[in-house]
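Asker: Starting from these lines, generate the structure:
(one chain, ligands or ions: 1)
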Amino acid sequence: MSGDGMKAVRIHRFGDDSVLTVENVPIPRPGPGDVLVRVHAAAVNPVDSLVRRGLVAVSDRPLPWIPGWDFAGSVVAVGSEAMGWSVGDVVYGRPSLARDGSYAQYLAVDAGEIAAVPRTVPLESAAAVPLVTLTAWKALFDLGGLEAGKTVLIHAGAGGVGTMAVQLARHRGAKVVATASGDGIELARSLGADEVIDYRGEDFAARGRFADVVLDTVGGETLERSYRVVVPGGSLVTIAGAPDEDRAEGLGISVHTFVLDSNGSRLAEIAALIDADELRPVVSHVLDLDDVAEAHRLIDSGRTRGKIVLRVR
Ligand SMILES: NC(=O)c1ccc[n+]([C@@H]2O[C@H](COP(=O)([O-])OP(=O)(O)OC[C@H]3O[C@@H](n4cnc5c(N)ncnc54)[C@H](OP(=O)(O)O)[C@@H]3O)[C@@H](O)[C@H]2O)c1
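Answerer: Have a look, this model is predicted:
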């Protein structure tokens, strides 16, 4: 198979969505610790657009790169040291940002970065899960220390990270307050938010210090105002801006940020939650791989609900 070609989207230079080129390229060769996956679906994330525009340096490899860091698909080859996987296994994952991604018919991925897909949802929905759900989990529980009975404020509760964060926090037994607007308000509520603040009509910061944990997925002025709502001893976790440690210290709170790492065993836990009906992926658009530029226009709008997924035929 390694002599054959595959369809993939590559970027040869950084720029607007016109730099996304659909072309025929060699199928990647899996390393000893990798599996080779036939990709059925790949999700689109804001980081894909940041990489495309050259705003985030994920690798010092020379261009061209294949973007896309979420997928679901079937194992078609297993490296000599890739334990635990067999040809035919159906898996999902968030592969390393430093390697070619999943906007392609085939993907070579480290065996530790994948898990068996949730069995109860279509592969297009499974592909929408890994990056945003791992992000929400790490932010809420590993860094935020969110526990049952605590109050969390989740910004952009209708977005990719937000839709999963609302559900994870609710499942943990926290009181969930989310921000959203328009039809995003009903979506966040349907996912388990106890209260949704229409951020276009209400300043959440006017409520004073009410949140044990804030998950900021918006950055900018939303991040700026978020410090003021965290209770003393609480945590602000931002995935969209730079934390101000001095300001946090002055308020008696902690502030965190991070860049996500891959985590196959946590993805197995997440699949179990989906199969137990505790968590549901939210997909608003499924497009063909050929329509990748349209998918990037949507993600660049910053207004989408849940996830955008590319079907890879
Ligand atoms: N550090 C990491 O490891 C990491 C991991 C994942 C994501 N991220 C970053 O986190 C951010 C969010 O990612 P995502 O995938 O969730 O993005 P997304 O799905 O594109 O977010 C879109 C949502 O944001 C909402 N929104 C926009 N402005 C808002 C505001 N001021 N208040 C409340 N909601 C607002 C929109 O709702 P309306 O249409 O109602 O405005 C829309 O539903 C991105 O910047 C991404 O790069 C970082």
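
Asker: Could you check the pLDDT of G3?
Answerer: Confidence per residue is given as pLDDT, and for G3 that number is 52.

Asker: begin at 16 from here
Answerer: Taking 16 as the first residue, the last one we looked at is G18.

Asker: can you give me the strands in the stretch 66-215 of the chain?
Answerer: Assignment of strands within the stretch 66-215 of the chain using DSSP state E, counting those that start in this stretch yields the ranges 86-93, 105-108, 121-125, 129-131, 166-169, 190-195, 210-213.

Asker: and the residue positioned nearest the centre of the chain, how far is that from the ligand?
Answerer: Within the chain, one residue has its C-alpha closest to the average C-alpha position: by Cα atoms, centre = their mean, that is V147, at 2.3 Å. V147 sits 6 Å away from the ligand, taking Cβ to the nearest ligand atom, to the nearest Å as the criterion. Any C-beta I mention is one placed from the backbone N, CA and C, and that applies to glycine too.

Asker: Using just helix, strand and coil, how would you label A263?
Answerer: Remark: A263 carries the secondary structure label helix [criterion: DSSP: H, G, I helix; E, B strand; the rest coil].

Asker: so the spatially closest residue to it that is not a sequence neighbour bridges to which residues?
Answerer: Spatial nearest neighbour of A263, excluding adjacent residues (Cβ to Cβ, 6 or more residues apart in numbering): V270 at 3.9 Å. Using DSSP bridges, the bridge partners assigned to V270 are L251.

Asker: tell me the contacts of the closest residue to L275 other than its chain neighbours?
Answerer: When the adjacent residues along the chain are set aside, L275 lies closest to T150, with 5.2 Å between them (Cβ to Cβ, 6+ apart). Residues in contact with T150 (Cβ atoms under 8 Å, 6 or more residues apart in numbering) are V176, I254, L275.

Asker: that's a strand at the last one, yeah?
Answerer: No - secondary structure of L275 (three-state DSSP): coil, not part of a strand.

Asker: who's in contact with it?
Answerer: Listed by Cβ under 8 Å, 6+ apart, the contact partners of L275 are R109, L146, L149, T150, K153.

Asker: Identify the residues contacting the closest residue to L155 other than its chain neighbours.
Answerer: If the residues on either side of it in the chain are set aside, L155 comes closest to L161, at 4.5 Å by Cβ to Cβ, 6+ apart. Contact partners of L161, counting by Cβ under 8 Å, 6+ apart, are L155, V167, A184, R187, A189, D227, V228.

Asker: Which of the residues you listed fall within helices?
Answerer: Assigned to helices by DSSP state H, the following of the contacts of L161 qualify: A184, R187.

Asker: most surrounded residue in the contacts of L161?
Answerer: Among the contacts of L161, A184 has the most neighbours (other Cβ atoms under 10 Å), with 32 neighbours.

Asker: From A310, how far out is that residue?
Answerer: Separation of A184 from A310 (Cβ to Cβ, to the nearest Å) stands at 28 Å.

Asker: Need the CA coordinates for stretch 290-305. CSV is fine.
Answerer: Once side chains and other backbone atoms are set aside, the C-alpha atoms of stretch 290-305 remain, and they are given as CSV (Å, rounded to 0.1, in the frame of the first residue of the first chain):
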residue,chain,number,x,y,z
ASP,A,290,-21.8,5.0,25.0
ALA,A,291,-23.5,5.4,28.5
ASP,A,292,-25.4,8.4,27.0
GLU,A,293,-23.7,10.8,29.4
LEU,A,294,-22.1,12.8,26.7
ARG,A,295,-23.2,13.6,23.1
PRO,A,296,-21.1,15.0,20.3
VAL,A,297,-22.6,18.1,18.7
VAL,A,298,-22.0,18.3,15.0
SER,A,299,-23.6,21.2,13.0
HIS,A,300,-22.0,20.7,9.6
VAL,A,301,-20.7,17.6,7.7
LEU,A,302,-18.9,18.5,4.5
ASP,A,303,-16.9,16.5,2.0
LEU,A,304,-13.1,16.8,2.1
ASP,A,305,-13.3,18.6,-1.3
